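# Prediction below, plus the sequence it came from.
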Amino acid sequence: MEADQVAELFTRADSTYLCTRWGRPIVPVVFGVDDATLAVFKGAIEAVVVLAGHKMDETDMELGANLMVFFCRDWEEMLDLPHLDKMLPDLGPLVMKLKAADANQYRMFRFDEAGAIKAAFVFLRMDDALAQVSADTLALSQAVQTILLWSDTAFRDASPLAVVNEQTVLRPDVAEVIRAVYDPVMPDVARDPSHALRLAARLGPTG
């Protein structure tokens, strides 16, 4: 992957460059699924965290859990979840927006004072389209898309996943970028496009 291709992953629709990684260990929690699906999601998150060379923990001292995944059948179910409106003050308008767009998924991030990710919220409405996606694929997709703040257009035309021997896996080039972003010498937050040059220099020969 060349530097300009890397830059596209973090250049937003308004042409600004922003690459942000987690600044603290990730503590996931999943609501609205059975134990089997819960295990799949936590396994996928752990696999991507290990790939990045980042850390997980049992609890976040500030938030308890900081990567929250919510499953529902209807967006209005979100309004009935205890205390969610306190974590997300704009929950009501957000639910209305998601209903109007007939969306089936939404991701929201929170950042610390330095701009690093401190929390992520993933909302999944299990409509007919998502119901056709296996738990493994859905879990890996969400894990990849929450390990970094990617551009809002990064995977609009191509999924970060690929199918190899009938198994869904993370694309090798995307995996290389994740590893590069989490290189200890790289910053938690970067707003200068020259950052993409530094990432490209760290990509493996097949990245």
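That came through fine.
# show me where pLDDT drops low in this structure?
204-207 (pLDDT under 70).
# Find the residue at the geometric middle of it.
Thr146 (1.3 Å; Cα atoms, centre = their mean).
# residue contacts, that one?
Each residue near Thr146 by Cβ atoms under 8 Å, 6 or more residues apart in numbering is listed here: Ile45, Leu67, Arg107, Phe109, Ala120, Val122. (Each C-beta comes from the backbone N, C-alpha and C, glycine too.)
# Would you mind listing which of those are buried?
Among the contacts of Thr146, those classed as buried by 16 or more other Cβ atoms under 10 Å are Ile45, Leu67, Ala120, Val122.
# Which residue comes closest to Arg110 once chain neighbours are left out?
In space, and not counting its chain neighbours, Arg110 is closest to Ala119: 4.0 Å by Cβ to Cβ, 6 or more residues apart in numbering.
# In CSV, list the C-alpha atoms belonging to stretch 134-142.
This file holds the C-alpha atoms of stretch 134-142, laid out as CSV (Å, rounded to 0.1, in the frame of the first residue of the first chain):
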residue,chain,number,x,y,z
SER,A,134,-22.5,-14.4,10.3
ALA,A,135,-21.6,-13.5,13.9
ASP,A,136,-17.9,-14.0,13.1
THR,A,137,-18.0,-11.6,10.2
LEU,A,138,-20.1,-9.0,12.0
ALA,A,139,-17.8,-9.1,15.1
LEU,A,140,-14.6,-8.8,13.1
SER,A,141,-16.0,-6.0,11.0
GLN,A,142,-16.9,-4.0,14.1
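# list the buried ones in the top helix by length along the chain?
Determined from DSSP state H, the single longest helix within the chain is helix 35-52. For helix 35-52, the neighbour count (16+ other Cβ under 10 Å) marks Thr37, Leu38, Val40, Phe41, Lys42, Ala44, Ile45, Val48, Val49, Leu51, Ala52 as buried.
# In three-state terms, label the closest residue to Val189 other than its chain neighbours for me.
Leaving aside its chain neighbours, Val189 sits nearest to Gly115 (3.9 Å; criterion: Cβ to Cβ, 6+ apart). Here Gly115 is recorded as coil under DSSP: H, G, I helix; E, B strand; the rest coil.
# give the contact list for Gly115.
Counting by Cβ under 8 Å, 6+ apart, Gly115 touches Thr20, Asp188, Val189.
# circling back to that earlier point, dump the buried residues of helix 35-52 to TSV, plus distance to Leu170.
As requested, those are exported to TSV (distance: Cβ to Cβ, whole Å):
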residue	distance to Leu170
Thr37	19
Leu38	21
Val40	15
Phe41	15
Lys42	17
Ala44	10
Ile45	13
Val48	7
Val49	13
Leu51	7
Ala52	11
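# Report the two members of those separated by the largest distance.
Thr37 and Ala52 (22.9 Å; Cβ to Cβ).
# So Phe123, which state does it fall into?
Following three-state DSSP, Phe123 is assigned to strand.
# Number of residues surrounding it?
Residues contacting Phe123 under the criterion other Cβ atoms under 10 Å number 22.
# Name the helix or strand for the nearest residue in space to it that is not next to it in sequence, please.
Among residues not flanking Phe123 along the chain, Tyr106 sits closest, at 4.5 Å (Cβ to Cβ, 6+ apart). Here Tyr106, judged by DSSP states H and E, is contained in strand 105-111.
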